[in-house]
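> pasting the structure only:
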């Protein structure tokens, strides 16, 4: 079963609350495809483990490419100087040669040492000794990559955690601009919040457009909407504008369209089984806010299941061409226009 990003967020919050309260594990293994939560926890440990005057003699921060496992074991087995504990942090620990040799230490870690192994977009082998030793004697945080269809929900949840409400369309637009890199979303959010009026708690589409630098009018998000409604003129106009943008990449556009029509396929199959399902149940199946149900209901009417299956097959073909397959006879902008036209006629 896939790990839930919501559960990882709660686990990270619990760990951070513990270290802020002075409760530390002897070893932390922070890993996974999405680096935001591992780095957030690592930063919290570094900020709270030692007082400033203790750091000169008791804090060691290094990179996996610069050290060996034996050096880290030797350092971790030292006793702190004029402090309750020492801190040893290995960033990009996946680059350390012989990293599994750390299992010997992690099986019997010192209470006076806090060892942090931070892996960047990588994970320890769950079948081997290091992972099992830290799982037994310390804390493992394994942060999965967030899926495209989860990003809008994550943004809404993140904003709610900061006492803010973000419109569903604004969350979708921010997700389209930033992708699934949570650190980028957080950075864009900080920029956005600095420019909002003091005391503002409602983030609108206009705020994202103004402060993040993306136009709702000419976005993949808006293209999928116009395709759902079969507004040919608007869809082709948007595709033309998107395709000629400096940062346009055909694979990213195809990925967004694939996500949209794959959701639609699941939605149509579910509706065939239970035509009377409620609004909330339909939103859960789609993995979107109920705000977007009207768009998908229109798409169901405009694209029967055989058409959707044909479009998904078509998207795979255009993905191949967009990555240079068959010599990529057409430039990316023209590919997107042609794809849009074919979807409209499916």
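Perfect, thanks for sending it. From a predicted model like this one, the values you see are computed outputs, not experimental measurements.
> Any figure for the gap between the residue lying farthest from the centre of the chain and residue 53?
With distances taken from the mean C-alpha point of the chain and given as Cα atoms, centre = their mean, the most distant residue is residue 82, at 41.1 Å. From residue 82 over to residue 53 the distance is 9 Å, taken as Cβ to Cβ, to the nearest Å. Yep, even glycine has a C-beta here, placed from its N, CA and C like the rest.
> same check, this time on residue 15
Where residue 53 is concerned, residue 15 sits at a distance of 25 Å (Cβ to Cβ).
> neighbour-wise, which of the two wins?
residue 15 (22 against 10; other Cβ atoms under 10 Å).
> Shouldn't that one be within a strand?
No: according to DSSP: H, G, I helix; E, B strand; the rest coil, residue 15 belongs to no strand; its state is helix.
> What segments of the stretch 151-300 of the chain are helices?
Listed in chain order, the helices of the stretch 151-300 of the chain (DSSP state H, counting those that start in this stretch) span 151-161, 168-178, 182-194, 205-212, 220-229, 232-243, 250-273, 279-286, 293-302.
> so which of these comes closest to residue 142?
Distances from residue 142 to each of the helices of the stretch 151-300 of the chain were compared using Cβ to Cβ; the minimum, 15.0 Å, belongs to helix 182-194.
> Buried residues, that closest one. List them.
For helix 182-194, burial by neighbour count (16 or more other Cβ atoms under 10 Å) applies to 182, 185, 188-189, 192.
> swap in stretch 75-87?
By 16+ other Cβ under 10 Å, the buried positions in stretch 75-87 come out as 75-76, 80, 83, 85-87.
> ditto for stretch 198-214
Burial within stretch 198-214, assessed by neighbour count using 16+ other Cβ under 10 Å, is assigned to 203, 205, 207-209, 211-212, 214.
> Redo these as TSV? Include pLDDT and distance to residue 305.
As requested, the buried residues of stretch 198-214 are exported to TSV (pLDDT from 0 to 100; distance: Cβ to Cβ, whole Å):
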residue	pLDDT	distance to residue 305
203	89	36
205	82	32
207	85	38
208	84	34
209	77	35
211	76	40
212	72	36
214	63	33
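> Can you say which of the helices of the stretch 151-300 of the chain is nearest to residue 95?
Smallest distance to residue 95 across the helices of the stretch 151-300 of the chain (Cβ to Cβ): 19.7 Å, for helix 182-194.
> And that closest one, what does it pack against?
For helix 182-194, the elements it packs on are helix 36-49, helix 151-161, helix 168-178, helix 205-212, judged by 3 or more Cβ pairs under 8 Å, 6 or more residues apart in numbering; DSSP states H and E.
> who does the shortest one touch, helix- and strand-wise?
Going back to what we said before, that points to helix 205-212. Judged by 3+ Cβ pairs under 8 Å, 6+ apart, helix 205-212 is in contact with helix 168-178, helix 182-194.
> which residues are in contact with that helix?
Applying Cβ atoms under 8 Å, 6 or more residues apart in numbering, the external contacts of helix 205-212 come out as 167, 169-170, 173-174, 177-178, 188, 191-192, 195-196, 214-216.
> Try it again at 6 Å.
Contact with helix 205-212 is made by 167, 169-170, 173-174, 177, 188, 192, 195, 215-216, as judged by Cβ atoms under 6 Å, 6 or more residues apart in numbering.
> Next: the second one.
Under the contact criterion Cβ under 6 Å, 6+ apart, helix 151-161 has outside partners 146, 166, 171-172, 174-175, 180.
> for the first one, same thing?
Outside helix 36-49, the residues within contact range by Cβ under 6 Å, 6+ apart are 8, 12, 15-16, 19-20, 30, 87, 114, 116, 118, 141, 143, 182-183.
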